[in-house]
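# Compute the structure for the input listed below.
(one chain, ligands or ions: 1)
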Amino acid sequence: MSERPDDPEWRLDERRARIDAIDEQIQSLLADRARTAQEIARVKEACGDTMFYRPERERQVLARVRARHQGPLPEEDVLRIFREIMGSCLALEQALTVAYFGPEGSFTEGALRKHFGGAVAALPQATIAEVFRAVTAKAADFGVVPVENSAEGIVNHTHDLLMRSPLVIVGEVVLRVHHQLLARAQGLDEITHVAAHPQALAQCRGWIERHLAHCEQVAVSNNAEAARRAASESHLAAVASREAAAHWGLPILAANIEDAPDNATRFFVIGRHAVGPSGQDKTSLLLTAPHTPGSLHALLEPFARRGISLLRIESRPAQRALWEYVFFVDIAGHEKDPVIEEALAELEQRGGVVRRLGSYPQAV
Ligand SMILES: C=C(O[C@@H]1C=C(C(=O)O)C=C[C@H]1O)C(=O)O
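The predicted structure follows:
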């Protein structure tokens, strides 16, 4: 090895030695952190706590990481690394099983990994109803289901299940969604059919009209299923994710074909136990109002009067004749916040609250 500081080889070796020393520190700090998490598990055990996973605390850890962040790595990457560190520490305390709307490679699996990291066992389910069932039956600790898409609106099935389920919402995940056109065909003119979930077809409507106007559109139950078919049917293209392309070894004929560049999907994490306040929470409610003038106004007024922000309102047909309408309402704050307690008590007295669906940390 040369000794001269102006020699490129010397400069490379010198910096690699620095990286080796930094890695040694990172590794030793990781081990320290993991041992501390194990101590926390023993404290929780001593208090008779059996649910070691604390979404509200994890939200606070990630919020601190974001507040400290100064680059040069992208903030998203640093958050993902800390997400993985927490997931591995939690796995030392407790192995979690999380059911999700599959199959493998679906966007919902992407949301699960973004929220829980790689250390949890992920159980793909064929339907959203089966995700609810797995968590209710304790075959899984948590479940991840899609809720709404910024382009196409709400996922009706999830809302109808939330209406009937005893489970609570314990978290939300927001995922940027990109769609790829996957096919074995050499060019677009060889394609005769384009397959995807109806929502994905709708999100790429403009692109498909411009480039695949000659194709028959095939609605399938999910995009991963479309990719599976594209792997064996050479004239069929699938609209699906990069993960699905990798899973099936399918070439990407056109990348990011979604019409809206800020296309995003929101997911709920559902569980059996309520989550404590993190300081940055949302509360989801199922409300009802009679079919009379001003009833919706009366329903929302107790929130407005107390300065509680309304984040989302969706109406769904009531599934019991008694209710004319049901409304899915998201408000800012935790149900244990005194003002929200008050507003809910007032509404509950008037019969406006069908169910509290849960308070949970806002997506990071
Ligand atoms: C260590 C804890 O347990 C789990 C692991 C966490 C972590 O690694 O930071 C945070 C919350 C919990 O899900 C804790 O409750 O603080």
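
# quick one, helices of this protein?
8-46, 55-68, 75-93, 107-116, 128-136, 156-164, 198-203, 205-211, 223-232, 242-248, 295-305, 338-349 (DSSP state H).

# okay, the ones you listed, which one's buried deepest?
For those, the stretch with the most neighbours on average is helix 107-116, a mean of 25; neighbours defined as mean count of other C-beta atoms under 10 Å. Using the backbone N, CA and C atoms, a C-beta is placed for each residue, glycine as well.

# Write out the residues of this structure neighbouring the ligand.
Contact residues, the chain versus the ligand (C-beta under 6 Å from any ligand atom): 37, 40, 52, 53, 54, 57, 58, 61, 86, 89, 90, 93.

# I'd like those residues laid out as CSV, including pLDDT.
As requested, the residues of the chain next to the ligand are exported to CSV (pLDDT from 0 to 100):
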residue, pLDDT
37, 96
40, 95
52, 93
53, 95
54, 95
57, 96
58, 96
61, 97
86, 97
89, 97
90, 96
93, 91
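
# Now do the same for residue 77: its pLDDT.
Predicted confidence (pLDDT) at residue 77: the value is 94.

# Adjust the sequence numbering to begin at 30 for everything that follows.
Shifting the count to begin at 30 puts that one at residue 106.

# so who does it touch?
For residue 106, the contact set (C-beta atoms under 8 Å, 6 or more residues apart in numbering) is empty.

# what's the distance between it and residue 383?
In this structure, residue 106 and residue 383 are 42 Å apart, going by C-beta to C-beta, to the nearest Å.

# Need the helices of the chain in CSV (columns: distance to residue 354).
Putting the helices of the chain into CSV (distance: least, C-beta to C-beta, whole Å) gives the following:
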stretch, distance to residue 354
helix 37-75, 42
helix 84-97, 31
helix 104-122, 38
helix 136-145, 28
helix 157-165, 22
helix 185-193, 12
helix 227-232, 24
helix 234-240, 30
helix 252-261, 32
helix 271-277, 38
helix 324-334, 8
helix 367-378, 15
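
# So which of those is nearest residue 297?
With C-beta to C-beta as the criterion, residue 297 lies closest to helix 185-193 of these, at 7.0 Å.

# quick one, domains of the protein?
37-119, 125-206+294-300, 209-283, 310-390 (automatic domain parsing).

# Low-confidence ranges, the stretch 230-379 of the chain, go.
Counting by pLDDT under 70, the low-confidence segments of the stretch 230-379 of the chain come to 348-353.

# again, but for the stretch 80-229 of the chain
Per-residue confidence for the stretch 80-229 of the chain (pLDDT under 70) gives these ranges: 179-181.

# Distance-wise, check the residue lying closest to residue 146 once chain neighbours are set aside relative to residue 124.
Excluding its sequence neighbours, the residue lying closest to residue 146 (C-beta to C-beta, 6 or more residues apart in numbering) is residue 116, at 2.9 Å. Using C-beta to C-beta, one gets 11 Å for the distance from residue 116 to residue 124.

# Now list whatever residues contact both of those two.
Both residue 116 and residue 124 are contacted by residue 149, under the criterion C-beta under 8 Å, 6+ apart.

# contacting residues for residue 251?
Contacts were defined as C-beta under 8 Å, 6+ apart; by that measure residue 251 touches 130, 131, 132, 135, 226.

# Could you dump those residues into CSV and include neighbour count?
Converted to CSV, those look like this (neighbours: other C-beta atoms under 10 Å):
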residue, neighbour count
130, 27
131, 21
132, 20
135, 24
226, 20
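
# Closest one to residue 101 out of those residues, please.
The shortest approach to residue 101 among the contacts of residue 251 belongs to residue 135, at 32.9 Å (C-beta to C-beta).

# Might one say that that closest one is in contact with residue 252?
Yes. Using C-beta atoms under 8 Å, residue 135 is in contact with residue 252, at 7.0 Å.

# Any chance you could list residues touching both of the two?
Residues within reach of residue 135 and of residue 252 at once, by C-beta under 8 Å, 6+ apart, are residue 270.

# ok, now which ones touch the residue lying closest to residue 175 once chain neighbours are set aside?
Distances taken as C-beta to C-beta, 6+ apart place residue 184 nearest to residue 175, at 4.8 Å, with adjacent residues excluded. Residues near residue 184 by C-beta under 8 Å, 6+ apart: 157, 174, 175, 176, 177, 178, 228.

# who wins for most neighbours among those?
Neighbour counts for the contacts of residue 184 were taken using other C-beta atoms under 10 Å; the highest belongs to residue 174, with 26 neighbours.

# distance of that residue from residue 188?
The span separating residue 174 from residue 188 equals 10 Å under the rule C-beta to C-beta.

# Please apply the same query to residue 378.
25 Å.

# Please apply the same query to residue 221.
Computed as C-beta to C-beta, the residue 221 to residue 188 distance reads 36 Å.
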